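*Asks:* could you look at this predicted model? Sequence included:
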Amino acid sequence: MSNGEKAQSPNYSVFDRRIRKLQKKLARQPLDSKRRNITRIKIAKLHNRIADTRKDFLHKLSTKIVSENQVIVLEDLNVSGMVKNRKLARSISLQGWREFRTFCEAKSEKLNRDFRVINRWEPTSQVCCECGYKWGKLDLKIRSVQCLNCGTEHDRDENAAKNINKVGIGHCHDSKRTRIDRKTTSVAS
Ligand SMILES: [Zn+2]
């Protein structure tokens, strides 16, 4: 987040590893056997546990973020592109980023917050949030950057979050103007 806070998602991989193991077992079991049915139910239960854990985590996180902020800016990530990276596909899918966005959007509406999503083509991880210097694309493995221009050391995600915040706020001139207009009319009336 742009204030430097990080959210740690639950470790889904424990359940996920068990699912994969059971799925291999299932593939070897005869189609009409009772044991196959037991395995099938075990797998379904594990899927449910992952979904429940995730939903609980995303609900708590989105409630916290939306209640503590007037403006919420998210970045529209190219998830289908990222999922093509086979090493990351499973863990990304388990995170439920779309679900998180839906929660934030719904809660923002309920609490009258300003919810914005910025364009995925915005180079939020390629630019220094302090001086604007563009260092270009970085491999996902690189987690911290020192700016060649101003020397600031950044955590990769925090720098991107600050840029997302800047871009999101940058688009708000219009809504600012309308808010002032509204005030003027209420005074006049
Ligand atoms: Zn810089």
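*Replies:* Happy to help now that I have it.
*Asks:* check the protein and tell me which residue is nearest its centre.
*Replies:* The residue lying closest to the centre of the chain (Cα atoms, centre = their mean) is W97, at 4.6 Å.
*Asks:* now do that one, the pLDDT please.
*Replies:* According to the prediction, W97 has pLDDT 91.
*Asks:* wasn't L148 part of a strand?
*Replies:* No. Going by DSSP: H, G, I helix; E, B strand; the rest coil, the assignment for L148 is coil, not a strand.
*Asks:* go ahead and confirm the residue nearest to the centre of the chain touches L77.
*Replies:* Yes. Counting by Cβ atoms under 8 Å, L77 is a contact partner of W97 at 6.6 Å. No exception for glycine: its C-beta is placed from N, CA and C like everyone else's.
*Asks:* Provide a list of residues in contact with the residue nearest to the centre of the chain.
*Replies:* For W97, the contacting residues are L77, V79, by Cβ atoms under 8 Å, 6 or more residues apart in numbering.
*Asks:* wait, isn't V79 in contact with A89?
*Replies:* No. V79 lies out of contact with A89 (Cβ under 8 Å); the separation is 10.1 Å.
*Asks:* name the residues contacting each of the two.
*Replies:* Common neighbours of V79 and A89, using Cβ under 8 Å, 6+ apart, do not exist here.
*Asks:* next secondary structure after the longest helix belonging to the chain?
*Replies:* The residue-count maximum for a helix in the chain (DSSP state H) belongs to helix 34-68. Per DSSP states H and E, the first helix or strand lying C-terminal to helix 34-68 is strand 71-75.
*Asks:* partner strands of that following strand and their direction?
*Replies:* Take DSSP bridges as the rule and strand 71-75 pairs in its sheet with strand 114-118 (parallel).
*Asks:* so what's Q95 up against?
*Replies:* By Cβ under 8 Å, 6+ apart, Q95 lies in contact with S9, R54.
*Asks:* correction: C128
*Replies:* When contacts are counted by Cβ under 8 Å, 6+ apart, C128 touches K134, W135, V145, C147, N149, C150, T152, H154, N159.
*Asks:* ok, it to R120 distance?
*Replies:* Taking Cβ to Cβ, to the nearest Å as the measure, C128 falls 20 Å from R120.
*Asks:* related to what we said a few turns ago, mind listing what's buried in the longest helix of the chain?
*Replies:* Residues of helix 34-68 classed as buried: 36, 39, 43, 46, 50, 53-54, 57-58, 61-62, 65-66 (neighbour count, 16 or more other Cβ atoms under 10 Å).
*Asks:* can you check stretch 96-109 too?
*Replies:* For stretch 96-109, the neighbour count (16+ other Cβ under 10 Å) marks G96, F100, R101, F103, C104, E105, K107, S108 as buried.
*Asks:* pretty sure the fifth one contacts F115?
*Replies:* What it means is C104. Yes. With contact defined as Cβ under 8 Å, C104 counts as touching F115 (6.5 Å).
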